[in-house]
Every structure is written in C-alpha cells, then in structure tokens.
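*Asks:* coords please:
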Amino acid sequence: SYPGNGIYVSPDGGENWEHRGLEHSAHIGKIVVDPEDSDRIFVAAAGLVFGTNPERGVYRTLDGGENWERVFFLNDSTGCIDVAISPGNSSTVFAVMWERLRTPRYRNAGGESSGIWRSLDGGDTWTQLTDGFPDRNDYGRGGIAISPSNPDRIYAVFADHPGYLLGLFRSDNGGDSWQQVSEMDGTYFSSFGWYFGQLAVDPLDEDVVYALGVECFKSVDGGENWEEVFRDAHVDHHAIWIDPSNTNHVIIGHDGGINLSFSGGNTSDRFINLPVSQFYSITVDPSNPQSLYGGTQDNSTLRTIDGNLNEWDMIYYGDGFHTIVDPEDSELIYAEYQYGHIAKSDDGGWSWEGIFEDFINDRTNWNTPYIMHPEDNNTLLVGTYRVWRTENQGNSWSPISQQLSDTPDDGNLIYNTITTMAFSQSDPDYIYVGTDDANIWMSANSGESWNRIDNQQLPDRWVTAVVPHPDSSNVVYVTFSGYHINDQFPYIFRSSDFGLNWYSVHGNLPSAPVNDLIIDPENPATLVAATDFGVYYRAEYNGDWSELGEGLPLTSVFDLHFIQETREIIAGTHGYSMWSYPLELHENKVEDKLPQEYNISLDVYPNPFNQTCTISVNLPGIEQAELLIFNINGRLVFNQTFHSSSGINTIVWDGLDNDENQLPSGSYMLSLEAGRRNISEKIFILR
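*Replies:* Residues are numbered from 1 along each chain as shown. The predicted model follows:
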C-alpha cells in the first residue's frame, strides 16, 4: 500500500477537493465525523509501513480540518488503525491501536502496545480496555464496530503476530467488559490477519454483524455462530456498506472490486467490468502482437488472444508472475506462481508441467525472474540467490553462478534474492543480474564467471530492472526502488563501460520509485520509465522527462513491454489493469552518445569520514550545479550551490545538516545536479 499525504475534503460532493493537513500521517485507517457536529472529526493515523515515525495516533479537529490536535499517542511504532464514535454519546470515542514494524527483512505485526482504548471526554483522556481480553503481548491488527441501534453493543476482532485470528469479542456494556463470542473458522484470516480487521453491524439489529477477512462472514445471533456470505465474490474483503433504509442491501469491497447484494449477502452480483487487476509482469506473444499475457496478484496468469476486453482467460494458477511465449511456437508457454514455481505448457496453456520444483528450496523472491536466451529458445535462466540454467526447455537444470546476493541476516521475511536478469541483445554472452539487496553482477562469458559491477556511485536500494542497450553490450541501464525504506527518489543509472562507472539519468522525473525501463531499439536515446506514479518518456539525452501520453490513470506501473512491430507500449499496472499506448516514431534519430556535459566529475575524500571530508566537483561547460545530500530515508539534509570556475571546485563538509546539527553515523546519498546531468555517490559518516 502506498502512503498518502493527509486529509482532503470536498465541499461540493466530490467535484473539487481541498487539502486539510496531516500530510505526514502516511497511512490513514479511518475517518469518522461526529454525527452531531460535522466540524468535529477524528482520524486514525497508522503512520509509515516501513519504519517508525511520530506522526501517528488519534487526531482530532474541531473546525473541519483547519487545525488538528493529536489527542492520543503511544509510541513511534504504534499507530491507530480504527476509530469509532459512539452513536449514543459522541463524547465516547474508541481507538484501536496497532503496534507494528516492517523492514525488507522483517515484519512484526503485533506487540504489547496494541489494543482498544476508550475516551469518555471527547478524546482528551484515554483508558485501555482489558477486561475480558486475553492477557498476552502479541495483539496485532484489530477492528471495532458499534451497533447503531444499541450503542452498548460493541464488536471487536484481533489478529495476533504473525497474523492468525486471535479472536472475535463482544461487549454489552459499552466496552466496560468483553467476552470472546466465537473462535471463528481458522480460514477467516488465514495467516495474514494484518491485511483485514473490518466489522459492520446491521443499523437496525444489534445481533447481525459482518466480519471481513479472506471471505465475508455473517452472524445473526450476536457473533455466536457464523456463516459465509457473498460466496461468489473475490477473496480478501476490506470494505462494507449497509443501506440503513434496507439492511438487506449490502455492498462489499474486495481485491477484485465490489459485489452488490439485496439479500444480506446470500446472493450477489459482482461488477466484472472494473479495471482493477494487479499485474506484476506482462508479455506479448512474439508471433501475434494482439495476444497479451500477464501475471496478476490473486488472479493467476491471464491471457487474451485478440486483445478484446471481454476475452481474457486464466491459464495458470496462484499469484501470476512472468510469462514467456516461445517466439517460434506459440503453443509452448512458460508461466509461474509465487516464489519460483515455474511450469511449461506445450499445448497452448491447456495442460502444465512443473519444471523447477526440485530447486525451489533455494531462497527465491516472491516475484522470481526467469528469462529466455534471445538466440536459443531451449535455454532459460532462473534467478534464486544464484543463477540456474536449462538448455533443454526445463528438463534439467544446473547452477552457473555463486551466490549473487548478500548472506541473509536475521529476519522472518525472504530477502537477499535475485530480482531481475537480462541478456544483452547485441551479444547474449553478456548476462546482467540485479538483487533486492542492491547487488549488480555481469557475466561476459555466458555464466562461466561473474563480476560484481555495483559501486559507491549506486544507491543501496532494491534493483528493479537491468536493461542492456539493444546495440552495445557495454551499455546498460539499471533502475532502483526505495519503496521498502520510504525513499521516493527516482533512481535510474547508465553505464557505458560494463558497469565501471555509472551516471544518473533521472533528470526531472517526479519523486517516485522506478520499476522498469524500455529502450527504443530504433532510437536508443529514447527511454520509457515505469514508476509508482505512472509512465514517463524521454526522447534524447539532453531532453526532459514528460508523462507519456494521456489517459493512463495515476497508478503504479510494475512492468512495460514494447511491441516493435506495432511501435506500441504495453503497461502492466498494479491496480488498474493493462493499458496500451502507440509510441510515435520520431523522424530525427538522436545519436546514441553521451553529450559533452557528461564529463563533469564528483569525488569525495576520505570516504568514510569522521570529522570532515572534501567534496571535489569538475564542471566543464556548466555554469552552475547543485550539491544535495540525502539521508537513508530520502530526506534532504544538506545542499549547496556550485558556480563554475576554472579547475576543480571544492568544499569541505563537516557532516552538519542545513540547520548546523551534527548528523549521526550512517550511509548518505550525495547527488550532484548539473544542467541536465546528475551524478550520485554514497557517502559514509563514522562518528
């Protein structure tokens, strides 16, 4: 889920919106408006997913959002995920607090600070409610719902850490005491209860309650017994609305869109025309550009033969990821589901045979990459923490590399894996590999030996794509995402010497992680970048980036595919389905060489440093440059402007930020922006 920037209000039914603060709250779990005073609003601020921050807890406004006061706060790792105002007395407010911490390696989905708290004075003071709840320290995400017809009847649900259902609870005295009313089916949350937590009570009947999880459940006896409803809906339910004038009229929201029922969920209709598919990866049948394939979250591997909106079929299982169609035989298809379960079909997708099952004991990424040799259709590579190769369409495999990721540290999540691989199209002996822990490797001899080519010019971030130049094996681009550490910088780098030196080419891209990159083979100076905030295009080295075309919603784009025959870009969005755009052919081809201004240079010595370091900058032909230093979270801590002079420009930096505060030990990113040119280098402070 992506962080937002606060609260918005529409004074005219949604036509226009105004920002009303809480810009650092990141994720907001609930907004509730006092039914007796619409200017009195409470907000559940959950805070950042990856990391801690103090801008979380319960916020209150008394003037419609003009001013906010944080009225309840526990610590910088515990946010508020749900808040409710009692319909019988708006001075009574409940807050569900959730302690959690997430890094790329580790997820803690619960803790001692989690629980339900209540205020009886409109949010000024708060007391934790414990009577009837089990005494334990692993409470995870929770949810709360108050009966509109009887405010003394309250329902609550909790997961534990790591995410199993802890229990469903009920209070009949306004929250003073609680009892566990049902253990519920273990499939309700499966093992990822941190993804759920919504409850809803029938506005007219305190005994009728809905509980949203993997499936949607309903109780008509106050939570004692439950039955599954909305059986024809997509899995993973997160939102519900009950019509107060006809409580059998219920709408639910889930990972596949929405379902509408006029029978309390016994039967329902699903709106199948909402473009909400989440594509991880897309491809095209090389022999039929109208035939599109894509791996999706929850909805497996999908395919359309002719590109029509209503003619998509599911051809493989699980969460779908990469698909490869043999360029000489469309009946031969490779597909996979999560963690590297790769299979092959030789009959156009009707039947499948697993071809990598014996090797998935390797550490594999959720989205395991595999690629086909551009000149030998029988040869494929798979990346785990090392590279595997088959030369007979998956009948047998052998490793062709050492471990290319770092050695795992302690953690409960899979990390230190290969995330992207690519053959050089101009010379397939060259193979490039990137990992989630910022390593980049190259083999110049088809995998016989490997050289690590990332250096201090590159950021310590998740490698999302390595993209070799279509004509030159020595030229390669690499993209990074800092999403997992709250870094929104748009990292794109280019090397023209097999990775010996790297130059940033992000230019004026908006601040958003970059997920994929395409080089136009007819005009290799043309780049198309997929980011968390859409698709951007640059036609030449000294040009700016601009949004590609019109009509694509503001959404995260995880994968791009270029159909050379039709000059068409296909974008796989993670949440807004698949889109296409005709890339117009440019009449004037731009020469694929770096302009003179790329001769600027940047040097730091010593690095690491304790007290001071000297930053040296050479600016041939550039009048002015900006030096920027960011911390590991992507926040600007220091900047200074250089003006061109003969020879080398230098400054001595003492490790202080712009406010003259001493910065702590750690890794920082130094970025030099000169004209349309950018150079970046990691810099280390050791106190």
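*Asks:* For the stretch 1-150 of the chain, just list every one of the strands.
*Replies:* For the stretch 1-150 of the chain, strands defined by DSSP state E, counting those that start in this stretch occupy the ranges 8-9, 18-19, 28-34, 37-45, 57-61, 69-72, 78-85, 93-99, 101-102, 107-108, 115-119, 127-129, 139-146.
*Asks:* Quick check: closest non-adjacent residue to G349.
*Replies:* I315 (3.8 Å; C-beta to C-beta, 6 or more residues apart in numbering). All C-beta spots, glycine's among them, are computed from the backbone N, C-alpha and C.
*Asks:* Test my guess that that neighbour contacts I305.
*Replies:* No. Applying C-beta atoms under 8 Å, one finds I315 not in contact with I305, separated by 10.7 Å.
*Asks:* Pick out whichever of these two has more residues nearby.
*Replies:* More neighbours surround I315 than the other of I315 and I305, with 19 against 15 (other C-beta atoms under 10 Å).
*Asks:* isn't V43 right next to G21, touching?
*Replies:* No. Counting by C-beta under 8 Å, V43 stays clear of G21, with 9.5 Å between them.
*Asks:* between those two, what contacts are shared?
*Replies:* Counting by C-beta atoms under 8 Å, 6 or more residues apart in numbering, the shared contacts of V43 and G21 are 7, 68.
*Asks:* out of these two, which sits in the busier spot?
*Replies:* More neighbours surround V43 than the other of V43 and G21, with 25 against 18 (other C-beta under 10 Å).
*Asks:* Any idea what that one is bridged to?
*Replies:* Beta-bridge pairing for V43 (DSSP bridges): I31, Y59.
*Asks:* ok, now T304?
*Replies:* Following DSSP bridges, T304 is listed with bridge partners L292, W312.
*Asks:* My read is that it contacts S291, right?
*Replies:* Yes. Contact criterion C-beta under 8 Å: T304 and S291 qualify, at 6.9 Å.
*Asks:* Distance of R231 relative to S268?
*Replies:* The gap separating R231 from S268 is 8 Å, by C-beta to C-beta, to the nearest Å.
*Asks:* The two: which has the busier surroundings?
*Replies:* S268 (21 against 13).
*Asks:* so what's the residue nearest to the more buried one when sequence neighbours are not counted bridging to?
*Replies:* Nearest non-adjacent residue to S268, counting by C-beta to C-beta, 6+ apart: S261, 3.8 Å away. For S261, the beta-bridge partners are V250 (DSSP bridges).
*Asks:* S261 is in contact with V250, isn't it?
*Replies:* Yes. Taking C-beta under 8 Å as the definition, S261 is a contact partner of V250 at 4.9 Å.
*Asks:* what about the strands in the stretch 451-600 of the chain?
*Replies:* Using DSSP E, counting those that start in this stretch, the strands of the stretch 451-600 of the chain run over 451-452, 462-468, 476-481, 492-495, 503-504, 514-519, 527-531, 534-538, 546-547, 557-563, 568-573, 578-582.
*Asks:* Now do the buried residues in stretch 652-664.
*Replies:* Neighbour counts over stretch 652-664 (16 or more other C-beta atoms under 10 Å) mark 653, 655, 663 as buried.
*Asks:* So which of those residues sit within strands?
*Replies:* Using DSSP state E, W653 are the members of these that sit in strands.
*Asks:* Adding distance to A512 and pLDDT as columns, could you present the buried residues of stretch 652-664 in a markdown table?
*Replies:* Formatted as a markdown table, those follow (distance: C-beta to C-beta, whole Å; pLDDT from 0 to 100):
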| residue | distance to A512 | pLDDT |
| --- | --- | --- |
| W653 | 28 | 93 |
| G655 | 29 | 93 |
| L663 | 26 | 93 |
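*Asks:* What is the nearest of the buried residues of stretch 652-664 to E540?
*Replies:* W653 (34.1 Å; C-beta to C-beta).
*Asks:* Beta-bridge partners for that closest one, please?
*Replies:* According to DSSP bridges, the partner residues bridging W653 are C613.
*Asks:* Next up, the contacts around it.
*Replies:* For W653, the contact set (C-beta under 8 Å, 6+ apart) comprises 612-615, 629, 638.
*Asks:* These, buried ones only, as a ChimeraX selection?
*Replies:* Those of the contacts of W653 that count as buried under 16+ other C-beta under 10 Å are selected in ChimeraX with:
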select :613,615,629,638
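*Asks:* Any chance of JSON lines for the contacts of W653, columns distance to V505?
*Replies:* Formatted as JSON lines, the contacts of W653 follow (distance: C-beta to C-beta, whole Å):
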{"residue": "T612", "distance to V505": "31"}
{"residue": "C613", "distance to V505": "26"}
{"residue": "T614", "distance to V505": "27"}
{"residue": "I615", "distance to V505": "21"}
{"residue": "I629", "distance to V505": "20"}
{"residue": "F638", "distance to V505": "23"}
